[in-house]
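**Q** How does the following fold in three dimensions:
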Amino acid sequence: MKIHIRQINPAGIELQESLSSEWVGLTQKDNIRFVGPVTVKAEINRVDDEVFVKITASSCYQSSCYRCLEDMKKDWSTDFTLIFDIDKQEEFIDISEDVRQELILNLPARVLCQENCKGLCVDCGVNLNNQECEHKHSIVSSKV
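**A** As a prediction, the model looks like this:
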């Protein structure tokens with residue numbers, strides 16, 4: 001995503017792009033990955049020698065539940081702001097790599113299929129969301 005500095009008027013400008021999930025760089029080997037395009041909306045303003053870029057991004061990701069290991073898909077969105085120092089000779093700013101890194105950093109580290117996921121039995125491995133087993137389980141509260 002390139003921003004042409006001279007095109008930023010006093011009211012600011014808006015850009016929108018649809019980025020392919022492959023562009024982000026997450027693969028089948030990663031625990032979490034985008035399964036559709038990532039829509040990126042940017043509100044761009046310039047104040048003196050700084051450019052402020054407010055980003056709203058959204059997509060859908062696929063992951064495995066942290067507790068029960070079931071595959072799942074979830075809608076996702078994030079907001080972040082990038083600030084760039086510019087000098088008078090610069091004609092444009094390429095924010096692509098900054099946006100890519102922020103997208104990855106704003107993905108959840110651990111995903112649950114549901115907030116009250118019971119996980120797997122540590123003795124027999126059964127998914128406790130789907131069926132009971134004969135083993136005693138103490139409920140362990142952990143924040144994800």
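**Q** Tell me how many other residues surround the nearest residue to Asn129 once chain neighbours are set aside.
**A** What sits nearest to Asn129 in space, not counting adjacent residues and going by C-beta to C-beta, 6 or more residues apart in numbering, is Lys118, at 5.2 Å. Quick note: C-beta positions are derived from backbone N, CA and C, even for glycine. By other C-beta atoms under 10 Å, 15 other residues sit near Lys118.
**Q** Just the pLDDT at Lys118, thanks.
**A** Predicted confidence (pLDDT) for Lys118: 91.
**Q** distance of it from Gln131?
**A** Using C-beta to C-beta, to the nearest Å, Lys118 is found at 10 Å from Gln131.
**Q** before we move on, the earlier item: what about the residue nearest to Asn129, which SS state?
**A** For Lys118, the assignment made with DSSP: H, G, I helix; E, B strand; the rest coil gives coil.
**Q** Contacts only, for it.
**A** Counting by C-beta atoms under 8 Å, 6 or more residues apart in numbering, Lys118 makes contact with Arg67, Cys68, Asn127, Leu128, Asn129.
**Q** Identify the spatial nearest neighbour of Cys65, chain neighbours not counted.
**A** Cys113 (4.0 Å).
**Q** related to what we said a few turns ago, pick the one among the contacts of Lys118 closest to Val35.
**A** Cys68 (19.7 Å; C-beta to C-beta).
**Q** Would you list the phi and psi of the residue positioned nearest the centre of the chain?
**A** Centroid-nearest residue in the chain: Leu107, 3.6 Å away (criterion: C-alpha atoms, centre = their mean). The phi/psi pair for Leu107 (degrees, to the nearest 10) reads phi -80, psi 150.
**Q** name the element Glu102 belongs to?
**A** helix 96-105 (DSSP states H and E).
**Q** distance of Cys60 from Gln101?
**A** 20 Å.
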